[in-house]
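**Student:** Sequence first, then the predicted structure:
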Amino acid sequence: MTDLVPELLNSLNRRPRRTGLLRRFERTAGDEVQGVLSDARATIDVIVQLLRMDRWYIGLGIGDVAEPLPRSTRAGSGEAFVAAREAVNRAKSSPHHINVIGQNARGAEQVETVLWLMASVLRRRSERGWAVADLLGEGLSRREIGVKLGISQSAVTQRAQAAGVVEEQRGRVLAAELLESAAA
């Protein structure tokens, strides 16, 4: 069986300066990885990236971390780490392979609910839909995307609608806002 963790770590840590990444993602044990993020939007970006891969159990722990942070993510401690460990275990029996745990249980459940809804949208997205979503995410206009993909602007709009691009964008914003609130 191929070890997929090195590829995952490369993908998660690839960006030179991922906003809010306090400690790089590292293998913690077996096929598990862990990182420390302080920014809600960056956290949601990582979760969407993992949902797109559709092969990982995702546990999000919301809470305090012991400071100062050690150099290695693996050496970190605090309620966020404990919650993340439990969340990964629960994600294995979750319908969308994601679980969120925090001291504010209601807030964590709200974040989890939005992420489940987003997972439903993302799992139905075709390769063509992902192509349009990725190019929109890069800031290209629908006209520019049409030229790049060799399709009409109308076809770009249709693919974006079928791919749930607006739903994903709104879900990202709502999930980040709820995460910030649950962490407060």
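**Tutor:** Structure received.
**Student:** The residue of the chain positioned farthest from its centre - nearest residue in space that isn't next to it in sequence?
**Tutor:** Here the chain reaches farthest from its C-alpha mean at Ser152, the gap being 30.8 Å by Cα atoms, centre = their mean. Excluding the flanking residues, the one nearest Ser152 by Cβ to Cβ, 6 or more residues apart in numbering is Gly146, at 5.7 Å. Every residue, glycine included, has its C-beta placed from N, CA and C.
**Student:** Does the one you found touch Arg159 like I think?
**Tutor:** No. Shown here, Gly146 and Arg159 do not form a contact pair, counting by Cβ atoms under 8 Å, at 10.0 Å.
**Student:** Tell me who's in contact with Lys148.
**Tutor:** 135, 140 (Cβ atoms under 8 Å, 6 or more residues apart in numbering).
**Student:** So Leu122 is in contact with Leu51, correct?
**Tutor:** Yes. Taking contacts as Cβ under 8 Å, Leu122 lies within contact range of Leu51: 5.1 Å.
**Student:** So for Gly146 and Arg159, which sits in the more crowded spot?
**Tutor:** More crowded of Gly146 and Arg159, by other Cβ atoms under 10 Å: Arg159, with 24 against 20.
**Student:** for that one, helix, strand, or coil?
**Tutor:** Judged by DSSP: H, G, I helix; E, B strand; the rest coil, the three-state class of Arg159 is helix.
**Student:** swap in Phe25?
**Tutor:** Three-state call for Phe25 (three-state DSSP): strand.
**Student:** Contact partners for the most centrally placed residue in the chain?
**Tutor:** With distances taken as Cα atoms, centre = their mean, the residue of the chain nearest its centroid is Ile47 (1.1 Å). Ile47 is in contact with 58, 60, 98, 115, 175, counting by Cβ under 8 Å, 6+ apart.
**Student:** Closest one to Val36 out of those residues, please.
**Tutor:** Leu60 (11.9 Å; Cβ to Cβ).
**Student:** so where do the helices sit in the protein?
**Tutor:** Remark: helices assigned in the chain by DSSP state H are 5-13, 40-53, 79-91, 105-123, 127-137, 142-149, 153-163, 165-183.
**Student:** neighbours around Gln153, how many?
**Tutor:** Applying other Cβ under 10 Å, we find 14 residues neighbouring Gln153.
**Student:** list the contacts for the closest residue to Glu32 other than its chain neighbours?
**Tutor:** Spatial nearest neighbour of Glu32, excluding adjacent residues (Cβ to Cβ, 6+ apart): Val88 at 6.7 Å. With contact taken as Cβ under 8 Å, 6+ apart, Val88 is in contact with 32, 57-59, 99.
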